[in-house]
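Q: Sharing a model that was predicted from the sequence below.
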Amino acid sequence: MSEKLHLTPEDEFPEDLSALPDQRLQVLDSQVQRQLDYEYVAEGEPNPETEFRHQDLDEEFESRDSR
């Protein structure tokens, strides 16, 4: 598997999360969560872009759960 474990704020992020299949969304969520964990440990706080991405992913998961 060649996927990165972390998704840095500089890495590309999909514009439309609703277009992603569930499995890809879960991988993306894992990458963003690992990046958040890293930022808290290494920098003491998360990068705002990482926080926004995490929030967008949470909203997409909630949307899918309500369908």
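A: Looks like it came in fine. Numbering: from 1, shown residues only.
Q: longest helix anywhere in the protein?
A: In terms of residue count, the longest helix belonging to the chain (DSSP state H) is helix 22-43.
Q: name the helices or strands packed onto it?
A: helix 48-65 (3 or more CB pairs under 8 Å, 6 or more residues apart in numbering; DSSP states H and E). For every residue, glycine as well, the C-beta is placed using N, CA and C.
Q: how big is the angle separating the helix it packs on from helix 22-43?
A: Here helix 48-65 runs at an angle of 150 degrees relative to helix 22-43 (axes from the mean of the first three to the mean of the last three CA atoms, to 10 degrees).
Q: For helix 48-65, output the C-alpha coordinates as CSV.
A: The C-alpha coordinates for helix 48-65 follow below in CSV (Å, rounded to 0.1, in the frame of the first residue of the first chain):
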residue,chain,number,x,y,z
PRO,A,48,-6.2,25.3,11.2
GLU,A,49,-6.3,23.6,7.8
THR,A,50,-6.1,20.1,9.4
GLU,A,51,-8.9,21.1,11.8
PHE,A,52,-11.1,22.3,8.9
ARG,A,53,-10.4,19.0,7.1
HIS,A,54,-11.3,17.0,10.1
GLN,A,55,-14.5,18.9,10.6
ASP,A,56,-15.4,18.4,6.9
LEU,A,57,-14.9,14.7,7.2
ASP,A,58,-17.0,14.5,10.4
GLU,A,59,-19.8,16.3,8.6
GLU,A,60,-19.6,14.0,5.6
PHE,A,61,-19.7,10.9,7.9
GLU,A,62,-22.8,12.4,9.7
SER,A,63,-24.4,13.0,6.4
ARG,A,64,-23.9,9.5,5.3
ASP,A,65,-25.1,8.0,8.6
